[in-house]
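Trainee: No sequence on hand, only this structure:
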Ligand SMILES: [Zn+2]
């Protein structure tokens, strides 16, 4: 327990947001890898790209501040980046990464696919993942997940989830707590990009959401 806690702290130091200049735990920030050639910055959602990184708070405001001079200040060079272009790049990377995590969960057998399998796993699940267009099924399961205190994300379409898993449409999956590391990465990936775009990520029903 002590070793694990220590390890988490060591891997999660504070970093400065290139936009607002506030410091925050690394886990809450989005990493960009720095390179010597234009455009000098590449989103690194997996945090595995080598070399120097700059960090950004997951909010549209931080992003705007960073593209209007914050990144240039951090990198000490003139940088021309557009907030919307970066969001597009981040979303493309998010899709690829989400697919990788989904397949990793499937490979390591911590993934339940489909309403019945998810319902059976939910008691021991770390994460519930609902497709954006899975309207009817998600109410019962998300209510159950909320009661149990499970994390829940909404990401991707039924067709996309199905395609990733080599099936027809998939409306809902869950990850077993044995795959908590993967589930944590998924939750972070989905939440950060949603915050960056100013969109909602929660499974809770809202007035605009049928
Ligand atoms: Zn910030």
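Mentor: That came through, no problem. Keep in mind it's a predicted model, so treat the numbers as computed, not measured.
Trainee: Low-confidence stretches in the protein?
Mentor: Residue ranges of the chain with pLDDT under 70: 1-11, 137, 200-210.
Trainee: how about the residues of it that lie near the ion?
Mentor: Contact residues, the chain versus the ion (C-beta under 5 Å from the ion): 17, 19, 20, 57, 62. Just so you know, the C-beta spots here come from the backbone N, C-alpha and C atoms, and that holds for glycine as well.
Trainee: got a list of what the residue positioned nearest the centre of the chain touches?
Mentor: The centroid of the chain falls nearest to residue 189 when counting by C-alpha atoms, centre = their mean (0.9 Å). Residue 189 makes contact with 45, 94, 97, 98, 101, according to C-beta atoms under 8 Å, 6 or more residues apart in numbering.
Trainee: rerun that using 7 Å as the cut-off
Mentor: 45, 94, 97, 98 (C-beta atoms under 7 Å, 6 or more residues apart in numbering).
Trainee: Show me the domain layout of the protein.
Mentor: 2-81, 110-197 (automatic domain parsing).
Trainee: most neighbours per residue, which of these?
Mentor: Burial of the domains of the chain is given as mean neighbour count (mean count of other C-beta atoms under 10 Å); domain 110-197 ranks first at a mean of 19.
Trainee: Now do it: distance from first to last residue.
Mentor: End-to-end span of domain 110-197 (C-alpha to C-alpha, to the nearest Å): 30 Å.
Trainee: what do you get for stretch 161-171?
Mentor: 7 Å.
Trainee: just stretch 128-138 next, same as before
Mentor: End-to-end distance for stretch 128-138: 10 Å, by C-alpha to C-alpha.
Trainee: Check stretch 20-32 too.
Mentor: Start-to-end span of stretch 20-32 (C-alpha to C-alpha) is 16 Å.
Trainee: now, which of the contacts of residue 189 sits nearest the ion?
Mentor: Nearest to the ion among those, counting by C-beta to the ion, is residue 45 at 16.8 Å.
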